[in-house]
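Undergrad: My questions concern the predicted model and sequence given below.
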There are 2 protein chains.
Amino acid sequence: MRFKPAAASAGMNGSGMSKSNNVYKDAYNRCLRLLDETRSLPSEPELGALLGVSRTTVRSILARMEETGLIAWNKRAKTVLRDPRPDDFFPEEETDTLAEIIERSFMRRLLAGGAEAGMQINELELAREIGVGTTSVREFLIRFSRFGLIEKRRNSHWVLKGFTRAFALELTEIREMFELRSAAAFAALPQDSAVWGDLDRLEGEHRVLAHEIATRFNEFSELDERFHRLIHRASHNRFIVDFYDVIAMIFHYHYQWNKAQERERNEVAIGEHLTYIEALKSRDLGKVDSACRKHLKSARQTLLTSIPESRPSQKA
Amino acid sequence: MRFKPAAASAGMNGSGMSKSNNVYKDAYNRCLRLLDETRSLPSEPELGALLGVSRTTVRSILARMEETGLIAWNKRAKTVLRDPRPDDFFPEEETDTLAEIIERSFMRRLLAGGAEAGMQINELELAREIGVGTTSVREFLIRFSRFGLIEKRRNSHWVLKGFTRAFALELTEIREMFELRSAAAFAALPQDSAVWGDLDRLEGEHRVLAHEIATRFNEFSELDERFHRLIHRASHNRFIVDFYDVIAMIFHYHYQWNKAQERERNEVAIGEHLTYIEALKSRDLGKVDSACRKHLKSARQTLLTSIPESRPSQKA
DNA sequence: TTAATGTCTTTTATCGTGAAAAAACAGTTT
DNA sequence: AAACTGTTTTTTCACGATAAAAGACATTAA
């Protein structure tokens, strides 16, 4: 009845650590990559905007870069002294958000089998095993609950609803409703809207990928997400746009999970996308509808075949 | 730019209180009401199931009832000694969940005007003013974010998106999509499904309320919610069912906010519901569709007229 | 006098802690 | 034995505290 039957995992923080400095480390790594391109760095506010962090963090980065001899820093003058070496970078795993760590850990368990619908999810146990505080786990579960895979019992534990066939069907039902509507809205957008340029660019990327599909087929999932998000955005409805987070999340793990015929599946999908894009550009609602329907149908099929049929679920 | 420009409110807990015992107090009050009906109480597990709390809480309740001379308690024998007096009850405000307290406080501010779209929401400030810890506020904001009224900036503050006309339109767009589909699913349910009985009972309640509308018009909102939830449940789709939480939440506060022509509006709505119910019972999809559309249209209208038109919102 | 840097303050993110409540276990009564 | 009561252990909920990160303010350079 427990979510986790055995096994162990290790969080690496020993004593009362309050907050990891992953924002700093991640921004530092990204800043290193910037170093390759220029001989001197811009002003602190500019750098902050570029990296998406505050000036406080920028200054920590600059301070360390000075220490390690990467730059000479005197007020406005930030001269690059040498190219960054591999060991200048912080290790990848130290740049992750706690939320990302928890999500990965949680999903690994959920997909690793033995996670039956109806199981209890224990906050404390999860926290201990991932090696984080209970608060972070609680917050993760609350955020995660909108994906419809878990549910809270009033002042008690969480219950796993399971990544079942029913779930996939409910998800795709909404997806199809939303995307059909968004696609129609997209086709009705005025000619001078910026989306047509975006669409052209995406079409180009699709064509390139189609050409090099043999070696780059695994790059499709990222392109897929960008394409569908562009379409959903045309709905101008926050609930539709936000719902794509659910789909993206499921497909993200689904892609990692189900590698069978990945190349073939992606090749087919690219073809469907191109037809879909042509339909949108034609602004013919009938064509859009049928191209969209066709693609969504095969996407649903792909998702469904990757879900092992479990015994009949007993619903409350 | 701040969410709260002035004013002050008082949380009443002084020192480091860990967790209020509102579960106990609320269950205790409900148990008092039970006392009126019987001469002796059932077993502890049974009582727990009845009140929806654990045996631990049941025993605390029984212990206090014994102390205050309400019952004589010896193992299985729990004899009622006297009727509960008004001062036996815990005060209403002590039975609320922290989440409820925070939500009320937050919504009061949001609707009290001066809450412009784009304002920052400060966790610490909110927590201080409501008189609760920051964790509870954070968790509330995360849960609340699914209503689409606030949005988080990555490791920074929350931003208020505002209860605007655009919000209402986006909300009702989804609502109409979902309810139309649910209503069709409802009408297609087999004759022996339990929902038809539920529908008959709701129809009865509608007729009674229609008759006594002059005095009981304010009881409509609760009936409205039960009716629409019954329909949405027919979709058998968790995302559709869960979305009704968003609608219910908005309408809950909307009813409190907009009292203009409440009686008339509710009277009209009851009429529309009755037509809608007839349509469902006829199982004629055309009729269902048009009755549903008509009702949703007027519901949208009601919501829209209650939102003051603000200056054109500047979107990012 | 604008836009940067240097400094100080506030807020967010996360933890450990402790009381409330649930759940598990053990012992009784029917 | 089945279902209850008594007792103990676990888990959830909520808080204050603290480091990281953001933000505000003061100062200085172009």
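TA: Happy to help now that I have it.

Undergrad: So what touches the helix or strand harbouring residue A:277?
TA: If you go by DSSP states H and E, residue A:277 is part of helix A:262-282. Residues outside helix A:262-282 that contact it (C-beta atoms under 8 Å, 6 or more residues apart in numbering or on different chains) are A:183, A:186-187, A:196, A:199, A:202-203, A:206-207, A:209-210, A:213-214, A:217-218, A:220-221, A:224, A:227, A:231, A:255, A:287-288, A:290-292, A:294-295, A:298-299, A:302. Heads up, the C-betas are built off the backbone N, CA and C, glycines and all.

Undergrad: Now a PyMOL select for only the buried ones of the residues you listed.
TA: The PyMOL selection below is limited to those of the contacts of helix A:262-282 classed as buried (16 or more other C-beta atoms under 10 Å in any protein chain shown):
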select buried, chain A and resi 183+186+187+199+202+203+206+209+210+213+217+220+221+224+227+231+255+287+288+291+292+295+299+302
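
Undergrad: quick one: which of the contacts of helix A:262-282 sit in helices?
TA: A:183, A:186-187, A:196, A:199, A:202-203, A:206-207, A:209-210, A:213-214, A:220-221, A:224, A:227, A:231, A:255, A:287-288, A:290-292, A:294-295, A:298-299, A:302 (DSSP state H).

Undergrad: what's the distance between the residue of the stretch 101-250 of chain A found nearest DNA strand C and residue A:18?
TA: As assessed by C-beta to the nearest atom of the strand, DNA strand C sits closest to residue A:133 within the stretch 101-250 of chain A, at 2.7 Å. Taking C-beta to C-beta, to the nearest Å as the measure, residue A:133 falls 10 Å from residue A:18.

Undergrad: which of these two has more neighbours?
TA: The residue with more neighbours, out of residue A:133 and residue A:18, is residue A:133; 16 against 5, by other C-beta atoms under 10 Å in any protein chain shown.

Undergrad: so who does that one touch?
TA: Per C-beta under 8 Å, 6+ apart, neighbours of residue A:133: residue A:127.

Undergrad: And the one 5 residues further on, by the same measure?
TA: If a contact means C-beta under 8 Å, 6+ apart, then residue A:138 has A:123, B:139 as its contacts.

Undergrad: what's the offset of the one helix or strand it maps to from the middle of its chain?
TA: Take DSSP H and E as the rule and residue A:138 turns out to sit in helix A:134-144. Taking C-alpha atoms, centre = their mean, to the nearest Å, one finds the center of helix A:134-144 at 18 Å from the center of the full chain.

Undergrad: just the angle between that helix and helix B:134-144, please?
TA: Angle, helix A:134-144 to helix B:134-144, by axes from the mean of the first three to the mean of the last three C-alpha atoms, to 10 degrees: 10 degrees.

Undergrad: Buried residues of helix A:134-144, list them for me.
TA: Under the neighbour-count criterion of 16+ other C-beta under 10 Å, helix A:134-144 has A:136-144 buried.

Undergrad: That one close to DNA strand D?
TA: Yes. Legend: contact between helix A:134-144 and DNA strand D by C-beta under 7 Å from any atom of the strand is shown at A:134-135, A:138.

Undergrad: Contact residues of chain A facing DNA strand C?
TA: Counting by C-beta under 7 Å from any atom of the strand, chain A comes close to DNA strand C at A:13, A:15-20, A:43-46, A:55-56, A:59, A:75-76, A:78, A:97-99, A:132-136, A:153, A:155-157.

Undergrad: Next up, the contacts around residue A:227.
TA: A:202, A:206, A:273.

Undergrad: ok so residue A:260 is a helix residue?
TA: No. Assigned with DSSP: H, G, I helix; E, B strand; the rest coil, residue A:260 falls outside any helix and is coil.

Undergrad: Pull up the gap between it and DNA strand C, please.
TA: Using C-beta to the nearest atom of the strand, to the nearest Å, residue A:260 is found at 36 Å from DNA strand C.

Undergrad: Could you check how far that residue is from DNA strand D?
TA: 36 Å.

Undergrad: And for residue A:146?
TA: Residue A:146 sits 17 Å away from DNA strand D, going by C-beta to the nearest atom of the strand.

Undergrad: Surely that residue forms part of a helix?
TA: Yes. Per three-state DSSP, residue A:146 lies within a helix segment.
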